[in-house]
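Colleague: attaching a predicted model along with its sequence, questions to come.
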Amino acid sequence: MSQYKIIFTGPSGAGKTTAIGAISDIPPVKTDEASVETAGYVGKKGITVALDYGMMRLSSEDKVHLFGTPGQERFDFMWEILVQGGLGLVLLIDNTSDTPFEDMHFFLNAFKHFIHDTRVAIGVTRMDLNPSPSIEDYYAEIQKADLRPPIFEVDARSKEDVSLLLQALMYSLDPGMGSD
């Protein structure tokens, strides 16, 4: 039996809780609390204060455990706890943010040691609401961090989109995946 652990991170409102819920084979565990910080997010009633958790079954015995971090820096003590034993990082960035590149660099820096030991895949959410910056702009910007992660436009509500992002992360961890 194999057990894997993937970490989802990003700023508050980027879609971590939603993405985990979209692909989890079990009802996700959420630790949301009401906050004035969510007032600007339509449909968002709270912020994650500890973690989100979901699980995907790869087979009858193999599972991927999905952990979402809180998005606020004041809960960064949870970040170090949650990455323990993690296989890789999914970074979600909200394209409607006033500072999406700054958000991306902040989280890449905050998780740099974990990313160095594993890999990262980046999903850009809400591009349907704000198409700029483009995915090409993100690729150009990420060059400054000397990284070459997969970057995708992602609808966090879409099981297919989130699954593609996870597959890209897994492939970056093991490029031989899927080959016979």
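Modeller: Ah, there it is. Residues are numbered from 1 along each chain as shown.
Colleague: which pLDDT value belongs to N130?
Modeller: What the model reports as pLDDT for N130 is 94.
Colleague: ugh, wrong one, K44
Modeller: 53.
Colleague: could you do A50 as well?
Modeller: Confidence score, pLDDT, at A50: 59.
Colleague: quick one: the strands in the protein?
Modeller: 3-9, 29-33, 47-57, 63-68, 88-94, 120-125, 151-153 (DSSP state E).
Colleague: list the buried ones in stretch 23-31?
Modeller: By 16 or more other C-beta atoms under 10 Å, the buried positions in stretch 23-31 come out as I23, S24, P28, K30, T31. (Each C-beta comes from the backbone N, C-alpha and C, glycine too.)
Colleague: from those residues, which is closest to V124?
Modeller: I23 (17.4 Å; C-beta to C-beta).
Colleague: list the contacts for the closest one?
Modeller: Counting by C-beta atoms under 8 Å, 6 or more residues apart in numbering, I23 touches G54, M56, L66, K159, V162, S163, L166.
Colleague: ok, N130 next?
Modeller: N95, T96.
Colleague: any idea how far it is from N95?
Modeller: To N95, N130 is 5 Å away according to C-beta to C-beta, to the nearest Å.
Colleague: same check, this time on S158
Modeller: As judged by C-beta to C-beta, S158 and N95 stand 15 Å apart.
Colleague: in terms of neighbours, single out the busier of the two.
Modeller: N95 (23 against 15; other C-beta atoms under 10 Å).
Colleague: pLDDT at the more buried one, what is it?
Modeller: N95 is assigned 97 on the pLDDT scale.
Colleague: also the one 10 residues further on?
Modeller: The confidence metric pLDDT takes the value 95 at H105.
Colleague: burial count for it?
Modeller: So H105, with other C-beta under 10 Å, has 15 neighbours.
Colleague: name the nearest residue to it, sequence neighbours excluded.
Modeller: A145 (6.6 Å; C-beta to C-beta, 6 or more residues apart in numbering).
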